[in-house]
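Asks: One predicted model, sequence on top.
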Amino acid sequence: MEGLLASREVSELAHADKVRRMLQELPAVLRAPNKYASHWQAEYEFLQQCERHIHEGSIEIRDKAELDLTLVLVKRAVLEGLAAEARAALTERHGFRLAVHSRTKCFCTLVSVELPQQGSLEAASDTTASVSEWRHGLAYRYESYVEYVTALPHCRRDLTRLVARLNEAERRHAGASTADVWRYVKEFYLAYVEMASSTTVSRLSPHAVRTMLKAFLRCEDEIE
């Protein structure tokens, strides 16, 4: 335990040092922002693209304030023209997170990404009919280091049981024993649920996942 606390203290000091050095450079950046465009231009353009998708309805955002939960649906059209690696990383990019979190104050966010179908339901036989595939992710609100150390702490639930239930639901849906589809990652500043790998997909619909998540969040005995 002492080793863990010491490691966390070292990590916090390292973050604090980075913030101090960034603040020292801030005046120069504000005087000539375009000088540093190579560091931010691509992500800023991606942020603008995400904003357009939200405005056009390709990315839907709904709040469930009573559960402190935001539901995000990324429709298939958003992924058109993107390479597989870009599709997998889409919701992890800062531009996407900023576009979503600027529209909500909820602490927990569930993102469901609709993947392009590999076949046609009309053309497929009864035994090979394609099934919608999704990539889901559940994360607590993105917070900067300054927000993390100055804001009042939020209640974070241990999501281990939720992940076990989701994996069991995936097995029931598949009708067979399969490898885990979901995993729970818990680090110093982060706790989130994601697909087990960059190529893993879920057969659970957003409605099914949302129903299980809402039931989980309403259970007071699950509070960490």
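Replies: Nice, I can see it.

Asks: Am I right that Glu194 falls within a strand?
Replies: Yes - using DSSP: H, G, I helix; E, B strand; the rest coil, the assignment for Glu194 is a strand.

Asks: you'd agree it is up against Asp180?
Replies: No - taking contact to mean C-beta atoms under 8 Å, the distance of 11.4 Å between Glu194 and Asp180 leaves them out of contact. C-betas here are computed from N, CA, C, even on glycine.

Asks: out of the two, which sits in the more crowded spot?
Replies: Of the pair Glu194 and Asp180, Glu194 is the one with more neighbours under other C-beta atoms under 10 Å, namely 20 against 16.

Asks: Mind pulling up the pLDDT for the more buried one?
Replies: At Glu194 the predicted local confidence, pLDDT, stands at 93.

Asks: show me what contacts it?
Replies: His136, Gly137, Leu138, Trp182, Arg183, Val185 (C-beta atoms under 8 Å, 6 or more residues apart in numbering).

Asks: Taking those, please make a PyMOL selection of just the buried ones.
Replies: To isolate the buried ones among the contacts of Glu194 in PyMOL, judged by 16 or more other C-beta atoms under 10 Å, type:
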select buried, resi 136+137+138+182
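
Asks: Looking at the contacts of Glu194, spot the one nearest Lys64.
Replies: Sorting these by how near they are to Lys64, with C-beta to C-beta, puts Leu138 at the top with 13.1 Å.

Asks: My read is that the closest one contacts Thr91, right?
Replies: No - the pair formed by Leu138 and Thr91 falls short of the contact definition of C-beta under 8 Å, at 11.0 Å.

Asks: Which neighbours do those two have in common?
Replies: The contact lists of Leu138 and Thr91 share Val111, where a contact means C-beta under 8 Å, 6+ apart.

Asks: any idea of the mean pLDDT in stretch 198-214?
Replies: Mean predicted lDDT for stretch 198-214 stands at 94.

Asks: Between the two ends of it, what distance do you get?
Replies: Stretch 198-214 has its terminal residues 25 Å apart, counting by C-alpha to C-alpha, to the nearest Å.

Asks: For it, buried residues please.
Replies: Neighbour-count burial for stretch 198-214, counted by 16+ other C-beta under 10 Å, picks out Thr200, Val201, Ser202, Leu204, Ser205, Pro206, Ala208, Val209, Arg210, Leu213.

Asks: Could you confirm Arg62 falls within a strand?
Replies: Yes - Arg62: assigned to a strand according to three-state DSSP.
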